[in-house]
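1. Test case, fold it:
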Amino acid sequence: MELKKLTLCILSSSSLALVGCGGDSAGEPTPEIEALSAYTDLTWSAGADELVGLTYPAGASNGPLVALKRSTGSDDSVTHTLMTADADTKEFVAVEGVTLDKNYYRDVLALPVSGTFEGESIDTVLVATCGYAEASYLEGGELPDQGSGLDRVSALANERVALQPTEEVAVPTVTPAVLSLHLLGTDFSAEIDITDVQEPLSLVDCHSLGGLYVADLSSKGRSSVEVSLFLTGLDQYGEYAILEAGFGFDYDTFTLGEYGFGLDQTNMAPLGAIEEDPEDDYFFTAAFEGNTYLLDDMKGEARATIDGNPFSGSSQEGALITDLVLSGNTLLGVSADAGLAGIDFGGEEIVMLSEGDYANCIDQLALNGNTVWCHDATEEGTLIEFTVPEVPQSEVMEESQPEVVARKVAIGGGSKEEAEQIKAELEGAGAEVEVK
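-> As a prediction, this is how the structure comes out:
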């Protein structure tokens, strides 16, 4: 998948300083910590905390799990904590030096980054998340007016026709959601408004980040990577949208380069999770008209569907799948209700998997090769670890070809031209035809 040509702008970053880690200020060794049996947040408060992001750094060989926790206080105040846990201790701890000051954040993606900074080698991760000001419908916010986004493009086009050449089209004023980037272990951070200036269009909230793609430019003599990812969310017109983000990151100077956003699709159907589809950009999920859908195009047929909500058993409304992971040809998803869904591409169905502990999966997923982690609905603040399960695949039935019942057909009557036309059609179907 190539990076699409996006409208670009430049962000300059000031010099960064490393944050020291390991041991205490007196140089005394850190005491050994007994490893937990499962990845756990020991500070978790049931009923007050929620896991809204989980990922394993893409392509890392021994990276930390990265999680995003949302906490609601007794006064209804909301805070967010970015956490990491390594494989040795399995304990999630808050990342120091990261400020998350938007009202809401959702989802995380991470990339391993190595380089030399101010004479020191550094191995860390670059984390991306999305922050926004107003609660989305995932947080209990109001659903948009279902008529507010209709005919947006034609309405703007009509305005442009009516305007004088020096006038500009008025678009709704909103507080854009931001793509929030943090290089752990340094003081580098950046917030980029999620706005496609060509539309013009902004996301006002985020539902999912996915489809992470990285191109290393070292073969071209550059110490940088080009990164692209997809985001789902609500735009200022009341439609649900998919945008692609692209940015460059220099791992020698630890600075952000060119970046931009481009609109891919919009629709009135509430969108959920998004993940890379190696054959066609991305998969995404949606819930509308009482059903649950997996799609790759809002205008085409669904890749998979199921009536109602397979996680809750409700037949009245579709499930909002909050996270997807893809391992080979196996695509898995979770929602706010416990359970693990898989995609039967042959039967074009969303199926529930219930033979393992993963039946208790909820909220978020992370993947490293054949290993998957999910949040445990029965023991909040703890992850379930399992091997990618097999999703039963239905055989794809080939479209049957019409059989030629009569191998020899005699055509008589009518004009010669009509007879020749009928003869050609029947011979095309495999019949032997004699014209009398």
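
2. Report the buried residues of stretch 251-262.
-> Buried positions in stretch 251-262, judged by neighbour count with 16 or more other CB atoms under 10 Å: Y251, F254, T255, L256, G257, Y259, G260, F261, G262. Glycine gets a C-beta too; all of them are placed from N, C-alpha and C.

3. let me redo that: stretch 215-234
-> For stretch 215-234, by 16+ other CB under 10 Å, it's S224, V225, E226, V227, S228, L229, F230, L231, T232, G233, L234.

4. swap in stretch 335-351?
-> Buried residues in stretch 335-351 (16+ other CB under 10 Å): 335, 337-345, 348-351.

5. Check stretch 90-108 too.
-> 90-92, 95, 98, 100, 102-108.

6. Mind picking the two most distant members of those?
-> K90 and N103 (30.8 Å; CB to CB).

7. closest to H375 among the buried residues of stretch 335-351?
-> Nearest to H375 among the buried residues of stretch 335-351, with distances taken as CB to CB, is A338, at 9.5 Å.

8. Check the gap between the residue lying closest to that closest one once chain neighbours are set aside and K220 for me.
-> Distances taken as CB to CB, 6 or more residues apart in numbering place A377 nearest to A338, at 3.9 Å, with adjacent residues excluded. To K220, A377 is 47 Å away according to CB to CB, to the nearest Å.

9. Could you do L324 as well?
-> Taking CB to CB, one finds L324 at 32 Å from K220.

10. ok, now L183?
-> 22 Å.

11. and the residue nearest to A338, what are its phi and psi?
-> Dihedral angles of A377 (phi, psi; degrees, to the nearest 10) stand at phi -70, psi -20.

12. Please read off the pLDDT at it from the model.
-> A377 is assigned a predicted lDDT (pLDDT) of 97.

13. could the buried residues of stretch 90-108 be laid out in JSON lines, adding distance to A287 and secondary structure?
-> Formatted as JSON lines, the buried residues of stretch 90-108 follow (distance: CB to CB, whole Å; DSSP: H, G, I helix; E, B strand; the rest coil):
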{"residue": "K90", "distance to A287": "34", "secondary structure": "coil"}
{"residue": "E91", "distance to A287": "35", "secondary structure": "strand"}
{"residue": "F92", "distance to A287": "30", "secondary structure": "coil"}
{"residue": "V95", "distance to A287": "33", "secondary structure": "coil"}
{"residue": "V98", "distance to A287": "32", "secondary structure": "coil"}
{"residue": "L100", "distance to A287": "28", "secondary structure": "coil"}
{"residue": "K102", "distance to A287": "25", "secondary structure": "coil"}
{"residue": "N103", "distance to A287": "24", "secondary structure": "coil"}
{"residue": "Y104", "distance to A287": "20", "secondary structure": "strand"}
{"residue": "Y105", "distance to A287": "22", "secondary structure": "strand"}
{"residue": "R106", "distance to A287": "17", "secondary structure": "strand"}
{"residue": "D107", "distance to A287": "17", "secondary structure": "strand"}
{"residue": "V108", "distance to A287": "23", "secondary structure": "strand"}
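
14. List just the nearest of those residues to L203.
-> Out of the buried residues of stretch 90-108, the member with the shortest distance to L203 (by CB to CB) is R106, at 11.3 Å.

15. My guess is that closest one contacts L51. True?
-> No - contact criterion CB atoms under 8 Å: R106 and L51 do not qualify, at 10.7 Å.

16. Spell out which residues are contacts of both of these two.
-> L68 (CB atoms under 8 Å, 6 or more residues apart in numbering).

17. Neighbours of G115, how many?
-> 15 (other CB atoms under 10 Å).

18. Skipping adjacent residues, who's closest to P64 in space?
-> T84 (4.2 Å).

19. can you give me the end-to-end distance of stretch 208-226?
-> 20 Å (CA to CA, to the nearest Å).

20. so is L229 in a helix, a strand, or just coil?
-> strand (DSSP: H, G, I helix; E, B strand; the rest coil).

21. Not counting sequence-adjacent ones, nearest residue to it?
-> L212 (4.8 Å).

22. isn't the one you found right up against I274?
-> No - here L212 does not reach I274: they are 10.4 Å apart, not a contact under CB under 8 Å.

23. all strands for the stretch 1-150 of the chain, in order.
-> Using DSSP state E, counting those that start in this stretch, the strands found in the stretch 1-150 of the chain span residues 9-10, 49-55, 65-72, 78-85, 93-94, 104-117, 120-132.

24. These: which one's closest to A38?
-> The nearest among these, by CB to CB, is strand 78-85 at 10.2 Å.

25. Sheet partners, orientation included, of that closest one?
-> Partners of strand 78-85 in the sheet, by DSSP bridges, are strand 65-72 (antiparallel), strand 93-94 (antiparallel).

26. Could I get the buried residue list for it?
-> Here strand 78-85 shows H80, T81, L82, M83, T84, A85 as buried, counting by 16+ other CB under 10 Å.
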